[in-house]
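S.K.: this one's structure only:
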């Protein structure tokens, strides 16, 4: 007899259209756990890119339907007989689970949240924040080096905090949105500029002592923003490409800006991270989750200012409809799966 009946999941079934569907909840096999979601976070840049079928996306390669969502939190509802690292009732980080009410995962891929002081809504950001950790770690910032975070989306908001914790000073930010620039300052940035303001390049250099920042986390995924970074970065500076540059619409003079000045361009896609054992600049997902959770518990990383709204999965169609139409999506939209139980 089946113990569990029907769950819900969000799927993109065509351009600009998301629906909430039903599915039969499976039972875990011997090495698996069945997880019940409390929260899942929309990764606005990645999910919007797939929703509207931009180049260099999963949808562009494989077409619709597409299952969005990769960062959440919840609890263990059932465990297979060979599972030893988790028990029913454990609170967990849920990576790569989609926006689903219930998820089957290999138990080894799931991290238990040991600290009961951590709220599950904060823990839901662990996986998405790990991207920002990777983008900053790859720069191997030394205490006292200057840094800039280009783009204050959800990844940029965490990258600002991680760069400050890594010893970068000053840490500055560029973003078109004045509200996001104010948020950056509240999260520890020393200065924040708009990329379209007069003398932007000169202002960035002046704010970092005249030579330009030693390290750049490029989070926008815009080729124009990358070109600007190459113009303001210090001699032999490093740029981590954390944002996904889907459209290469700006020609770059690599001799002038990269080769001649000794600049390093570093790919920081999450699939470049270590799988089994952490190393400098390349930590495993679980080690970054643990670090994130410890910093949240110690109140050294802030999550709540990044949350724009908490919505019911029943509103997915409207939420993604708005996301498809705007180029400036809200920062952190969170699905609360408790609203449809």
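M.R.: Happy to help now that I have it. As the structure is a prediction and not an experimental result, all values here were calculated from the model. Numbers count the residues shown, from 1 in each chain.

S.K.: list the contacts of the nearest residue to residue 96 once chain neighbours are set aside.
M.R.: Nearest residue to residue 96, sequence neighbours excluded (CB to CB, 6 or more residues apart in numbering): residue 70, at 5.0 Å. Every residue, glycine included, has its C-beta placed from N, CA and C. Counting by CB atoms under 8 Å, 6 or more residues apart in numbering, residue 70 touches 43, 46, 95-98, 127-128.

S.K.: the residues you listed: which two are farthest apart?
M.R.: 46 and 97 (14.6 Å; CB to CB).

S.K.: low-confidence ranges, the protein, go.
M.R.: Counting by pLDDT under 70, the ranges of the chain that qualify are 1-4.

S.K.: pick out the residue nearest the middle of it.
M.R.: residue 128 (3.3 Å; CA atoms, centre = their mean).

S.K.: secondary structure element for that residue?
M.R.: Element membership for residue 128, per DSSP states H and E: helix 126-137.

S.K.: thinking the residue nearest to the centre of the chain is in contact with residue 155, fair?
M.R.: Yes. Residue 128 is within contact range of residue 155, at 7.2 Å (criterion: CB atoms under 8 Å).

S.K.: shared neighbours of those two, anything?
M.R.: With the criterion set as CB under 8 Å, 6+ apart, the contacts of residue 128 and residue 155 do not overlap.

S.K.: how about the contacts made by the residue nearest to the centre of the chain?
M.R.: 41, 43, 70-71, 154-155, 158.

S.K.: excluding sequence neighbours, find me the nearest residue to it.
M.R.: Nearest one to residue 128, counting by CB to CB, 6+ apart, is residue 71 at 4.1 Å.

S.K.: how about that neighbour, phi and psi?
M.R.: When read as degrees, to the nearest 10, the backbone of residue 71 gives phi -140, psi 120.

S.K.: and it, how many neighbours?
M.R.: Using other CB atoms under 10 Å, residue 71 has 26 other residues around it.

S.K.: who's in contact with it?
M.R.: Counting by CB under 8 Å, 6+ apart, residue 71 has contacts 40-41, 43, 94-95, 124-128.

S.K.: from residue 241, how far off is it?
M.R.: Counting by CB to CB, to the nearest Å, the gap from residue 71 to residue 241 is 20 Å.

S.K.: ok, now which ones touch residue 45?
M.R.: By CB under 8 Å, 6+ apart, the neighbours of residue 45 are 153-155, 221, 243-244, 329.

S.K.: out of these, flag the one nearest to residue 283.
M.R.: residue 155 (16.1 Å).

S.K.: residue 263 versus that closest one, what's the distance?
M.R.: Taken as CB to CB, the span from residue 155 to residue 263 is 22 Å.

S.K.: what does residue 108 give?
M.R.: From residue 108 to residue 263 the distance is 39 Å (CB to CB).

S.K.: all helices of the stretch 101-250 of the chain, in order?
M.R.: All helices of the stretch 101-250 of the chain, identified by DSSP state H, counting those that start in this stretch, fall at 120-123, 126-137, 154-165, 178-186, 200-207, 223-232.

S.K.: a markdown table for those, including distance to residue 292?
M.R.: Formatted as a markdown table, those follow (distance: least, CB to CB, whole Å):
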| stretch | distance to residue 292 |
| --- | --- |
| helix 120-123 | 9 |
| helix 126-137 | 5 |
| helix 154-165 | 8 |
| helix 178-186 | 19 |
| helix 200-207 | 28 |
| helix 223-232 | 26 |
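
S.K.: of all those, which one is nearest residue 145?
M.R.: helix 154-165 (9.5 Å).

S.K.: hmm, residue 203 is touching residue 194, no?
M.R.: No. Counting by CB under 8 Å, residue 203 does not reach residue 194; the two are 9.7 Å apart.

S.K.: quick one, phi psi at residue 96?
M.R.: Dihedral angles (degrees, to the nearest 10) for residue 96: phi 50, psi 40.

S.K.: spit out the contact partners of it.
M.R.: 70, 109, 127.

S.K.: could you check how far the second one is from residue 85?
M.R.: Residue 109 sits 10 Å away from residue 85, taking CB to CB as the criterion.

S.K.: and residue 291, which helix or strand is it part of?
M.R.: helix 285-297.

S.K.: the helix or strand following that helix - contacts with which helices or strands?
M.R.: The first helix or strand that comes after helix 285-297 along the chain, using DSSP H and E, is strand 307-311. Counting contacts by 3 or more CB pairs under 8 Å, 6 or more residues apart in numbering; DSSP states H and E, strand 307-311 is packed against strand 332-336.
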